[in-house]
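Asks: Fold the following, please.
(one chain, ligands or ions: 1)
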Amino acid sequence: MPNTVHKVLVHGCEIIDAFYTNKDLMRFLLLTSDPFISSKRKVSSKKYKKCNEAVQNYL
Ligand SMILES: [Zn+2]
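Replies: Down below sits the predicted model:
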């Protein structure tokens, strides 16, 4: 599964919570889906909260 698709499907609710506009969200996804840029990022130790049950059922 491509990295961007994985992030949207698995971590979509956390990503949407962290950004305010679709423009911010698209910029974040474009940056993090670039293999070169992703290889330069430090891995975050941030813990994500779980999606609510309705979102999990939808996915
Ligand atoms: Zn993941």
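Asks: where exactly do the helices run in this protein?
Replies: Ranges of helices within the chain are 3-18, 22-33, 35-40, 53-58, based on DSSP state H.
Asks: between these, which gets nearest to residue 47?
Replies: When these are ranked by distance to residue 47, counting by CB to CB, first place goes to helix 3-18 at 10.0 Å. No exception for glycine: its C-beta is placed from N, CA and C like everyone else's.
Asks: which other helices and strands contact the closest one?
Replies: Contacts defined by 3 or more CB pairs under 8 Å, 6 or more residues apart in numbering; DSSP states H and E place helix 3-18 against helix 22-33.
Asks: Any idea how far the helix it packs on is from the middle of the chain?
Replies: 9 Å (CA atoms, centre = their mean, to the nearest Å).
Asks: picking up where we left off before, as CSV, the helices of the chain with mean pLDDT would be great.
Replies: Converted to CSV, the helices of the chain look like this (pLDDT from 0 to 100):
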stretch, mean pLDDT
helix 3-18, 85
helix 22-33, 83
helix 35-40, 82
helix 53-58, 82
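Asks: now these as JSON lines including mean neighbour count and distance to residue 47?
Replies: Converted to JSON lines, those look like this (neighbours: other CB atoms under 10 Å; distance: least, CB to CB, whole Å):
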{"stretch": "helix 3-18", "mean neighbour count": "14", "distance to residue 47": "10"}
{"stretch": "helix 22-33", "mean neighbour count": "13", "distance to residue 47": "18"}
{"stretch": "helix 35-40", "mean neighbour count": "8", "distance to residue 47": "20"}
{"stretch": "helix 53-58", "mean neighbour count": "9", "distance to residue 47": "17"}
